[in-house]
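>>> output the structure for:
(one chain, ligands or ions: 2)
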Amino acid sequence: MARHLTPSIDYIRKLYAAQDSLLASIDESLLRLNIPIHIGAEEGKLLQMLITLHRAEKIVEIGTLAGYSTIWMARALPPGGHIYTVNKDPAHIAMASHFFDQSEVRDSITMLEGDAHAVLPQLSSEAPFDMIFIDADKISYNDYLDWAEKNVRPMGLIVADNTLLHGTMGLDLPPQNIAPATWHNMRRFNERLADHEKYFTTMIATQEGLTVAIKLF
Ligand code: DHB
Ligand code: MG
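Ligands and ions are numbered 1, 2, ... in the order given. Purely as a prediction, here's the structure:
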């Protein structure tokens with residue numbers, strides 16, 4: 001998300017991506033805990049736009065945090081649609097459960113608890129999926145793409161947050177504050193999605209980078 005709210009982002013949020021009281025309380029909780037690393041409201045609306053345009057009914061999210069993005073996405077699902085969201089941190093699981101229980105879309109959300117590397121193989125039995133949203137540990141994005149290549153349907157969507165890796169992807173080398181392995185992994189992830197034979201891809205130039213790719217195979 002945009003860490004610094006500009007007047008333009010503020011304008012877009014107010015006009016097109018107003019939060020209800022539930023989303024606002026998740027936002028406030030994360031701010032209070034000093035982990036405001038969830039997507040912005042305008043990005044939540046964008047995910048809803050992608051789900052609606054693509055008529056996605058079965059979605060996997062890797063990285064629930066407190067369920068802010070999950071609730072945005074669940075609210076765009078058609079009747080009978082479902083989102084599976086993977087959460088590994090016990091404190092975050094407790095928060096997300098609390099907020100899901102308060103939401104009108106709780107029946108269309110399944111939270112899978114544990115590290116995605118362990119959980120995703122179990123989720124393969126529910127494949128194929130229409131869309132995956134990757135917003136978890138940045139060093140593992142290629143592992144999640146490996147899974148998506150097998151479990152997202154042809155013409156399905158692969159969406160990923162933070163693909164500019166905090167503004168460092170355009171540099172020639174990883175900066176001091178970023179682990180080189182994470183930086184090289186994100187470069188590789190982005191390059192894999194640049195294979196025109198396999199993907200139709202762009203990156204939306206949010207502050208963090210939001211990749212949107214159609215899996216062509
Ligand atoms: C971090 C993680 C995110 O998913 C994000 O959007 C911003 C920051 C982080 O771990 O610092
Ligand atoms: Mg993120």
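
>>> helix/strand/coil for residue 39?
Here residue 39 is recorded as coil under DSSP: H, G, I helix; E, B strand; the rest coil.

>>> same question, residue 59
Judged by three-state DSSP, the three-state class of residue 59 is strand.

>>> in the sheet, who's paired with it?
Residue 59 has these beta-bridge partners by DSSP bridges: residue 83, residue 131.

>>> spatially nearest residue to residue 47, not counting backbone neighbours?
residue 73 (5.2 Å; Cβ to Cβ, 6 or more residues apart in numbering). C-beta coordinates here come from the backbone N, C-alpha and C atoms, glycine included.

>>> tell me the contacts of that neighbour?
Listed by Cβ atoms under 8 Å, 6 or more residues apart in numbering, the contact set of residue 73 reads 44, 47-48, 51, 59, 61, 83, 133.

>>> up against ligand 2, what does the protein have?
By the rule Cβ under 5 Å from the ion, the part of the chain lying against ligand 2 is 135, 161-162.

>>> turn those residues into a markdown table, columns for distance to ligand 1, neighbour count and secondary structure.
Shown next, in a markdown table, are the residues of the chain next to ligand 2 (distance: Cβ to the nearest ligand atom, whole Å; neighbours: other Cβ atoms under 10 Å; DSSP: H, G, I helix; E, B strand; the rest coil):
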| residue | distance to ligand 1 | neighbour count | secondary structure |
| --- | --- | --- | --- |
| 135 | 5 | 24 | coil |
| 161 | 5 | 24 | strand |
| 162 | 5 | 23 | coil |
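
>>> next, format these as a markdown table and append distance to residue 39 and pLDDT.
Converted to a markdown table, those look like this (distance: Cβ to Cβ, whole Å; pLDDT from 0 to 100):
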| residue | distance to residue 39 | pLDDT |
| --- | --- | --- |
| 135 | 7 | 98 |
| 161 | 6 | 98 |
| 162 | 10 | 98 |
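
>>> for the closest residue to ligand 1 within the chain, grab phi and psi.
For the chain and ligand 1, the shortest gap (Cβ to the nearest ligand atom) falls at residue 37, measuring 3.8 Å. Here is the backbone geometry of residue 37 (degrees, to the nearest 10): phi -110, psi 10.

>>> what's the neighbour count on it?
By other Cβ atoms under 10 Å, the residues close to residue 37 number 15.

>>> and if you look at residue 139?
By other Cβ under 10 Å, 14 other residues sit near residue 139.

>>> wait, what's in contact with the closest residue in space to it that isn't next to it in sequence?
Distance criterion Cβ to Cβ, 6+ apart; nearest residue to residue 139, sequence neighbours excluded, is residue 182 at 4.5 Å. Contact analysis of residue 182 by Cβ under 8 Å, 6+ apart lists 138-139, 165, 174.

>>> now residue 62: how far from residue 171?
Distance of residue 62 to residue 171, given as Cβ to Cβ, to the nearest Å: 26 Å.

>>> quick one: which of these two has more around it?
Taking neighbours as other Cβ under 10 Å, residue 62 and residue 171 compare with residue 62 leading, 27 against 11.

>>> ok, now which ones touch the residue lying closest to residue 96 once chain neighbours are set aside?
Spatially, and ignoring its direct neighbours in sequence, residue 96 is nearest to residue 67 (3.7 Å; Cβ to Cβ, 6+ apart). Applying Cβ under 8 Å, 6+ apart, we find residue 67 in contact with 26, 85, 95-96, 99-100, 109, 111.
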